[in-house]
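1. Got a sequence here, can you build the structure:
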Amino acid sequence: MKLALKNGKVEDPILASRIGVYILARGLKISPLEVYKMPADLFQDMMLIHMTVEEIKAEEMDKSMKKTKSIKPMR
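-> Below you'll find the predicted structure:
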């Protein structure tokens with residue numbers, strides 16, 4: 001499982017489904033049971049939204065880190 005998560009390639013559909021449920025439940029702070037009850041198209045839409053938000057957060061953190069590195073310390 002660890003290798004699948006690091007590589008982003010999951011061949012087992014059951015494992016892929018469980019990982020998706022975990023990610024969405026964590027991201028939305030809801031019960032995994034609620035995710036299982038979602039229609040498949042809503043699940044896909046919510047995963048896409050969650051992934052986009054996480055990408056934006058990562059980009060903003062990178063920008064912030066670059067700004068921090070470029071600031072010279074005062075002596």
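2. Pass me the low-pLDDT residue ranges in the chain, would you?
-> Scanning the chain for pLDDT under 70 picks out 72-75.
3. Longest helix of it, counting residues only.
-> For the chain, the longest helix by residue count, based on DSSP state H, is helix 40-70.
4. residues of that helix that come out buried?
-> Of all the residues in helix 40-70, those buried under the rule 16 or more other C-beta atoms under 10 Å are 43, 46, 47. In this view, the C-beta of every residue, glycine as well, is placed from N, C-alpha and C.
5. what does stretch 6-25 give?
-> 10, 20, 21, 24, 25.
6. What residue, apart from its backbone neighbours, is nearest the last one spatially?
-> In this case it means residue 25. Nearest residue to residue 25, sequence neighbours excluded (C-beta to C-beta, 6 or more residues apart in numbering): residue 32, at 4.4 Å.
7. distance of residue 34 from residue 44?
-> Per C-beta to C-beta, to the nearest Å, residue 34 is found 16 Å from residue 44.
8. correction: residue 18
-> Per C-beta to C-beta, residue 18 is found 16 Å from residue 44.
9. what do you get for residue 58?
-> Per C-beta to C-beta, residue 58 is found 21 Å from residue 44.
10. repeat for residue 16
-> According to C-beta to C-beta, residue 16 and residue 44 sit 13 Å apart.
11. And residue 24, by the same measure?
-> Using C-beta to C-beta, residue 24 is found at 10 Å from residue 44.
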